[in-house]
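Student: Sequence and predicted structure below; questions after.
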Amino acid sequence: MEKFRTKRFCVVYFVVENSLEAVPTKWINEEGNQCSFPIISGPKFLKLRNNSNSVPLPSWKKYQIEVRYCSNKLQKVTQRAHDLQFTST
């Protein structure tokens, strides 16, 4: 997906894990094929995920991804991730 860097959030498809997630664009590498992802959950994860200025730590695992959708609005991206879960393979 071209120009994903101009948006604040993206829906990414984790290829090996076969799952979708809304993430800050800064978590995605320049090529758009890997996403760094924290090993936390719950409120701490949501706080990181909801902050478009959140940058990945070197300790975060990198996953192979495909960028599916991007927007400056987190609500749009999380809704699209939810919708795509039922239409993607």
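Tutor: Looks like it arrived, so ask away. This one's a predicted model, so the numbers in the text were calculated from it and none came from an experiment. Numbers count the residues shown, from 1 in each chain.
Student: does the residue nearest the centre of the chain sit in a helix, a strand or a coil?
Tutor: By Cα atoms, centre = their mean, the chain has its centre lying nearest to V23, at 2.7 Å. For V23, the secondary structure call by DSSP: H, G, I helix; E, B strand; the rest coil comes out as strand.
Student: Kindly provide the whole-number mean pLDDT of stretch 29-41.
Tutor: On average, the pLDDT along stretch 29-41 is 95.
Student: now the closest residue in space to K73 that isn't next to it in sequence: how far from V16?
Tutor: Excluding its sequence neighbours, the residue lying closest to K73 (Cβ to Cβ, 6 or more residues apart in numbering) is F9, at 7.4 Å. Where C-beta positions appear, they are placed from N, C-alpha and C, glycine not excepted. Distance of F9 to V16, given as Cβ to Cβ, to the nearest Å: 22 Å.
Student: other SSEs contacting the lengthiest helix in the chain?
Tutor: If you go by DSSP state H, the chain has its longest helix at helix 74-85. Counting contacts by 3 or more Cβ pairs under 8 Å, 6 or more residues apart in numbering; DSSP states H and E, helix 74-85 packs against strand 9-14, strand 19-24, strand 61-71.
Student: That one: which residues count as buried?
Tutor: Neighbour-count burial for helix 74-85, with 16 or more other Cβ atoms under 10 Å as criterion, is recorded at 74, 76-78, 80-81.
Student: could you list every residue that touches F45?
Tutor: P38 (Cβ atoms under 8 Å, 6 or more residues apart in numbering).
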